[in-house]
Each structure stands twice: as structure tokens, then as C-alpha cells.
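Provided below are the primary sequence and the corresponding predicted coordinates.
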Amino acid sequence: MIEKILSVDNVHKSFGGVKAVDSCSFSIDDGKITALIGPNGAGKTTIFNIITGIISPDNGKISFMNHDITRLSVSRIALSGMSRTFQQARLFRYLTIRENLLLAKRANDEEMKSLLASFHCYKTLDTVVSELSYGQQRIIELARALLFPHKLLMLDEPTAGLNQRARHELKLVLRRLRKEKKTVLLIEHDMDFVMDMSDEIIVMAEGRVLRKGRPAKIRNDPKVLEVYLGK
Amino acid sequence: MSVFLQLLINGLIAGSIYSLVAAGFSLTYSVNKFMNFAHGAMIAFSGYMMFNFFSKYRQGFVLAFLLAILCTAALGLAADFLVYRQLRKRKASTTIQLIASLALLTMINSCILLFFSSDVRSIKIANPVYIVMDARITMVQAVIILTAILMMAVLWLVAFKTKIGKAMRAISDNKEVAQTVGINPEKIYLSCALISSVLAGIGGVLIGIEQNLYPQMGVMLIVKGFAATVMGGLGLIQGTIFGSYLLGMVENFGIWYLPSGYKDAISFVLLFLFLLFRPYGIFGKKRREDVA
Amino acid sequence: MNYDYLIHIGILTAIYMINAFSFNLSLGYTGLINLGQMALFGFGAYASALLTRLLGMNVWVAMFIAGLMTMVLGMVLALPALRLKKDYLALVMLGLSFILYALSKNWISLTRGSLGLPGTVKLFKSNLNFLIAAILIAIITYVVLKKIVNSKLGLVFQAIRDDELSAAVLGKDIFISKAIALGISAFFAGVAGSLLAHYLTFIDPSIFDLSQLVILLSMLIVGGLASLEGTALGVLAIVLITEPLRFIGFSPVLLGPMREIIYAALLLIILIYRPRGLLGKVDID
């Protein structure tokens, strides 16, 4: 019995006169990796922010594990089992790597080091994160999101800023998560990554869902190509 | 009836004084994007300069007035050049600029105290009283009301009809975009500092004549001016005018009921309540960034 | 060597340190621009003075209760204020100073207005004993605050300072954490204020003066944010720089404003040229 761990139901959001999200509806299957793709301005990050509680929608409903989370606060939603990263890495810049990770989970040094090592990051845990390169910061943010107890992991453009090696490691991590029956929803522009990793793809354009389906189907869909290549 | 009229007139006078203060303050907030509490000290400084040139050195009234404005403008430019510009260069946040303005405020106050002592000073000029239907208004007070109205009108004209006014509004709306059309932000910031110093200069002389001078007067004035702009809506011309006169009226009608010592307390409480519950003022709109 | 003078300076320094430590907690560690710290300090002073004067309370008990009252005031204000943007919190807290100033000046039946309130001298008739007590309390404050900032709670405070959104996304309750930070700061501010009241045996509305806030800000920023050790240094530095003025032969009338000019100038110089101060770990945002 496939459970819909997350449902977005007819969500609208306007900023000023601009409709960022328009009658957006979709649902995510438990234990799968779903990619959310679409041209810039399609509303992907906005819907992410609505789901995680940062923005409240004008209309519509968000359900997470059968609970209505539409009006809940960011921290309540997070505690119910949602972890996320941001388009631009957000870290606690005056704190060390260890402190950043501790805020996600009371892990010990060993666990932290091995998680970082799996991304080929060997910086000492006492390093203040503002001293790290952007790519390393993205890895730390990813590690932090992974450590935070979650049932749903939401990644906003996780491959941006990562080199080939780190990208490869990310794939391994995601596959491992899938094996552990964790659910992943990610926004991505790297099509190779998306086609390789996703079980399901949702295409958004102009604030609404255009298509949803398996990678093979989406890859050849004329509507999708049109939206990407421009009218 | 005559009491009501007198309170109304007093409210108009107070409101005009507050708009003289608030004009420069909200200009700096709109364009330079920070709250310049030192503006109050500049007003006090101007008043003292007028006292210095007119009462102490017995220069002609007009000459003394101009000298006072000149000195205040010089002070304002110096402050911008030595302090705020340095902070801007280093990308300091608006909070840091606010704290810096508090430091400047106390510094200027203390300098005034050093040079003029804490004795209350007054600028004595011939000041006939007019009677309007049982209510009193002095010439100076009438001039203040006229000046306030004139000042707002001129500001409006400058903002919407002159090149520099348009440039200021552009910078105020979106600095980055303004730069792409060739507007030099530093030039605008400097112009804004100059204009608000001149406004402080004008206001300071008039207020100094109307009220007595004491070194700390700038603090009270800027708090009132600040309250007026918050109530009306920070950074909006119509908001500043409305807030100033609203404050003036509430204060004066308020002390009909309360002991006069509480006059200042009325403004503080109003300011506080607005900050807590409607920080964007009466004319402002609730923006996402206002709420955490 | 005039020991009485040194003891006097020592007591004031210790009191300033207690206040500055707690100010650092809300500003340096939690990122709350609590410009009302002096308002809370003054409130504590008045509260303690009134408790002993009107209710005849024991001084130690009064100090503690005054601290609690100040804490409550801080947290009550937190309710609406913490939901506002950072800048507005700063202004609300600043506004508190103005209100308390007006209240202390006008509620004459309670506070005797500008005439001020004579408090009670502390248990210790001897200033030397007072100094020892003040230093002890300062040390206790340091130890307690150090424990807090090094704890999980302290980590949450710093996370909120660095990136509130990320902290929320990691499940931290932003509002409650900020309220706690403000409450703790307020408590120690109140205690420090009480100490002053019971040392000077006199409190008047001038405690709410803006210049007092500027002094406190200088000490904190010179010392550096997010460093309690820095704060201690900052307080000492400011005291050591300005006290010698007394001996250069300025008349007492000039001394006051001269010192204020120096505090303000120092603050400006540090803000421009070395915003992190001596031992600071973070910048003001």
C-alpha cells in the first residue's frame, strides 16, 4: 500500500500582483525520490517554502503524514519529520562545523567525521564554517540536513556548487536513504542527475504542475520540452 | 469654545514643530535608510548657533539666521563625511548606523553643554501676540506653522519635480537599479545629508526662538519627531505630516485631562504602542519584512 | 594612594560588568538588539529602592525580587516585540527608556520625580565589604552566563543570531528562546541596577538618560560581542581611559560632558575601524 507522505492540494500564492503558485496540486510517494523540475520562476522554491512553513499560502492545504500542516510554524513542521536545505547554503556562520551539526542532532564526533568523510570532506570539526569554501559549506549544510531526524528530506538544488566527486557521493547517499525507506523531494536543474536518480519527476511551470511521471516518460514529453526550450 | 480653539491652535503649533523635526529625519530614513537620531542634536545646535550669533554677538537677525543654517549644514556634512560615510564604505548595517547616531547625539549634546553651560538660554526678539477669537497665537508661532507648511510643500516639489528629487526617490526605492541608470549613490547620500542639515538649521532657529534652549533639548525633539514618523508611517511624506499633527493634537488635547507633566509621556506611550502593534504607521502597509 | 577612590571605582566597575555581561548575552550571543538594557537596569534600581523604602524589605531579598520583576518586564515586552523585525525590537526597547524616564519623572507620588529616591545603603556600612560583595556577584554572573552560553541553550541562542531561519528549520522554537535570552538579560540588569541603588543610596530619572546607554554600548562594543572575557576587558578599558581625566585638572562641571564626549568618540571609532572590538567573535548585524 503506497502511502502519500506529502500532499499539496490546490495551493495558491501571490506576491503583489504576481501569482507565484497557482492551483498547485501534487503528492509524493513514501520511500521514493521525487524531483521537482521546471524553468526559473516556475514556483518550485516558493512551493518548497510553503510546504516547510516559511510562507503561508493564500489558499490550499498541505498534508504531511496525514496531518494538516498548512498553518503550522516552521519549527513545528520541522519537528514533525521534515528536513531541508536551501538554494543558497545557510549555515550558522560564526559557529564551528561541530556546533552546526550538533544543532541538528546530538551526534558524537565519530559519527560527524564519518558522515563528512563520505563526502570527502576532511576538515576538522573545530573549523568555523565561515572559513570554508562554498562547496564545503554546501556539504556541511547537506550533512546537517541528513543528521536532522526526518521522514522527508527536501533538497533545494543540492548539486549546485558541488564538484563531480561530491555529486557522486550525493547519489550514493540518496540511494542509501531510499533503501532506508526515507523519502526525498528535490529541486534540481541538473537533468542528468535528475534522470539518473529520480523515481518520479514533477514538472512545474508558471506556478502549476504541468506533468508528473517516471523519468522515461517525462524525458520525451513534448509539453515539457516546449516549456524548457521556450515558446 | 475658546479653550477648544486654543488647544487646537496649540496642537497646530506643536504639530508644526514636530514636522520641522520630522522632515529631515524621515528624509534621511527614506534615502540613507537609517534612523539618524543625531538629527535632534543638529536642531539644538542650530538653535544655539542662532543664540550665539544673534543674542551673544548681536549680528543682524537675518545674518544670524543664515549663519546658524550654515554652521548646521557644516556640522551635518562633517558628520556624514567622518562617520556615516565611513560606515557606508564598510557596509555597516542600519543598526550600526543607528547606534552611531546615538553616539553623535550625545557627543553634540555634550559639546553644547561644554560651550554654553547647562543654563537655559533664550533668544529674545520682538514677538507680538495675535488674538484670534479669544485664542492667543504669537508671531513666532504663526511663522512656525507657515514654515512647516512651506517646508513640506517645497520638499514635495523637490521630490517629485526636480532631477535630484527623482534621483533620491530612485535610490530610496532600489539602490542597485538606480545605479544602473547612472545615479551616483554617494552623491545622493551627501545631498540628502546636506538637505536634512539645512532643514534642521531652519527648524532649530525657529524652535530655539519659540522654546528655551537647553543642551538636552535635541533628545526630546527627536523622540517626538521619531514618534511622529512612526505613527504616520516611516519614510512617507504624507505620513510624516499626518503623524506630526496627530501627535501635536493628541498631546495638547490630552493634557486637558491629564496633568501637564504627562505631556511627554503621552508621546512616548503612543510611540510605544505603535511600535508594538502597528510599526508601519497609519499610512504604511504591512510588509513581510516587518514581521519575523 | 587614595584607597576610598579606588574602592569606589571598583564597585562601579563591578556593577557595570554585571550589566554588560547580561547585555552581551542578548546582543552578542542571541543577536537581540536590546537597546533597552539601561531601561531595565534603571527599572531594577527603582524597584529595589522602592521595595526597601515602601515595604521595608530586606535588602538582599529586595535585590533578588527586583531582578525577578525586571525579568518579568523584559519577558512581557518580549511577547509583542519579538515578533517584529530586528530593527523594530531595537526601537521598542529604546522606547522603553523614554517611557520609564517619563514615568519616573512624573509619577511623583511613587518616585518623587526629579528629586529622586534615597535607597538603603547595603548591609555593608563599609565600602570595602561592598566592593567584595560586588566583585563576588560579578564573578557569579560571569560563571552563570558562561555556563549558559556553553550549554545547548547557548548554542540555540547563537544559532538564532547567525541564521534564525535555519534554526527554525532545525526545530528550534525561536520565540521562546529569544524570550528566555531577554529574560535572563533582564534579570541580571535588574540585579545590577539594584546594586547601584543600594550603593549610591540615591536613584533619579537621569539613570534613563541616553548617554548612559552610549556608555554601556561603548563598553560592550570595545570589548567585543559574544565574548564575556571581552566584555570584562571592555569595561576595564573604558574605566581606565576615562577615570584619569579626573586628575588632569578639569573642573567638575567640565568633567561630565568631557567624559561623555570620549565615550561617544570611542564608540564611533570602534564602530568604524574595529567593529569587533578587542575580543569579539561576531559583527553586529
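Yep, it's here.

Tell me the residues on chain C that lie near chain A, please.
In this structure, chain C approaches chain A at residues C:155-156, C:158-159, C:161-163, C:165-174, C:226, C:281-282, judged by C-beta under 8 Å from any C-beta of the partner chain. Any C-beta I mention is one placed from the backbone N, CA and C, and that applies to glycine too.

From these, list the ones also adjacent to chain B.
Applying C-beta under 8 Å from any C-beta to the residues of chain C next to chain A, those adjacent to chain B are residue C:174.

So is stretch C:105-115 next to chain B?
Yes. Between stretch C:105-115 and chain B, judged by C-beta under 8 Å from any C-beta, the touching residues are C:105, C:106.

quick one: that stretch to chain centroid distance?
Shown here is stretch C:105-115, whose average C-alpha point lies 23 Å from the average C-alpha point of the whole chain (C-alpha atoms, centre = their mean, to the nearest Å).

do the same with stretch A:89-101
Offset of stretch A:89-101 from its chain centre (C-alpha atoms, centre = their mean): 19 Å.

can you list contacts of stretch B:109-123?
Taking contacts as C-beta atoms under 8 Å, 6 or more residues apart in numbering or on different chains, the residues outside stretch B:109-123 that touch it are B:41, B:44-45, B:47-48, B:50-52, B:54-55, B:208-209, B:212-216, B:218-219, C:211, C:253-254, C:256-258, C:260-261, C:264.

Can you say which of the residues you listed are buried?
Taking 16 or more other C-beta atoms under 10 Å in any protein chain shown as the criterion, what is buried in those is B:41, B:44-45, B:47-48, B:50-52, B:54-55, B:208-209, B:213-216, B:218-219, C:211, C:257-258, C:260-261, C:264.

Looking at the chain, which helix is longest?
In the absence of a named chain, chain A is used. helix A:164-179 (DSSP state H).

not quite, I wanted chain B
helix B:2-31.

which helices and strands sit right next to that one?
Judged by 3 or more C-beta pairs under 8 Å, 6 or more residues apart in numbering or on different chains; DSSP states H and E, the packing partners of helix B:2-31 are helix B:38-50, strand B:135-138, helix B:139-161, helix B:163-173, helix B:185-210, helix B:217-232, helix B:237-257.

how much does that helix deviate in direction from helix B:237-257?
Using axes from the mean of the first three to the mean of the last three C-alpha atoms, to 10 degrees, the interaxial angle of helix B:2-31 with respect to helix B:237-257 works out to 140 degrees.

Now do helix B:2-31, average pLDDT.
Helix B:2-31 shows a mean pLDDT of 92 in the predicted model.

what do you get for stretch A:23-42?
For stretch A:23-42, mean pLDDT rounds to 91.

How about stretch C:113-125?
Per-residue pLDDT over stretch C:113-125 has a mean of 72.

now stretch C:267-275
Here the mean pLDDT over stretch C:267-275 is 93, rounded to a whole number.

do the same with stretch A:140-158
For stretch A:140-158, mean pLDDT rounds to 95.

same thing with stretch C:233-250?
Per-residue scores along stretch C:233-250 average to 84.

before we move on, the earlier item: sort out which of the residues of chain C next to chain A are buried, if you could.
Among the residues of chain C next to chain A, those scoring as buried are C:155-156, C:158-159, C:161-163, C:165-174, C:226, C:281-282 (criterion: 16+ other C-beta under 10 Å).

what's the burial count for the closest residue to residue B:196 other than its chain neighbours?
Sequence neighbours aside, residue B:24 is the residue nearest to residue B:196 in space, at 3.4 Å (criterion: C-beta to C-beta, 6 or more residues apart in numbering or on different chains). Other residues near residue B:24 number 30, with proximity taken as other C-beta atoms under 10 Å in any protein chain shown.

show me what contacts residue B:24?
B:39, B:42, B:195, B:196, B:197, B:199, B:200, B:203.

and the residue of the stretch 51-200 of chain C nearest chain B?
residue C:102 (3.8 Å; C-beta to the nearest C-beta).

quick one, the helix or strand hosting that residue and helix B:217-232 angle?
Taking DSSP states H and E as the criterion, the element that holds residue C:102 is helix C:86-106. Using the same axes, to 10 degrees, the inter-axis angle of helix C:86-106 relative to helix B:217-232 is 120 degrees.

Check which residues of helix C:86-106 are buried.
Within helix C:86-106, the residues scored as buried using 16+ other C-beta under 10 Å are C:86-106.

List the residues that contact the spatially most central residue of chain B.
For chain B, the residue nearest the mean C-alpha position is residue B:21 (1.6 Å; C-alpha atoms, centre = their mean). Going by C-beta under 8 Å, 6+ apart, residue B:21 touches B:39, B:40, B:43, B:203, B:207, B:221, B:222, B:224, B:225, B:228, B:244.

Next: residue C:58.
With contacts defined as C-beta under 8 Å, 6+ apart, residue C:58 is in contact with residue C:52.

tell me the phi and psi of it?
Backbone torsions of residue C:58, given as degrees, to the nearest 10, read phi -60, psi 140.

what about it, distance to residue C:43?
Here residue C:58 is placed at a distance of 20 Å from residue C:43 (C-beta to C-beta, to the nearest Å).

Could you list the domains of chain C?
Chain C resolves into domains spanning C:3-208, C:210-285 when parsed by automatic domain parsing.

so what's residue C:98 closest to, chain neighbours aside?
For residue C:98, ignoring the flanking residues on the chain, the nearest one in space by C-beta to C-beta, 6+ apart is residue B:268 at 4.4 Å.

Pretty sure that neighbour sits against residue B:227.
Yes. Using C-beta atoms under 8 Å, residue B:268 and residue B:227 qualify as a contacting pair, with a distance of 7.4 Å.

Which residue of those two possesses the greater neighbour count?
Of the pair residue B:268 and residue B:227, residue B:227 is the one with more neighbours under other C-beta under 10 Å, namely 28 against 22.

any idea which element the nearest residue to that one once chain neighbours are set aside lies in?
Excluding its sequence neighbours, the residue lying closest to residue B:227 (C-beta to C-beta, 6+ apart) is residue B:271, at 3.8 Å. With elements delineated by DSSP H and E, residue B:271 resides in helix B:263-277, which encompasses its position.

what's that helix packed up against?
Using 3+ C-beta pairs under 8 Å, 6+ apart as the contact test, the elements touching helix B:263-277 are helix B:217-232, helix B:237-257, helix C:59-81, helix C:86-106.
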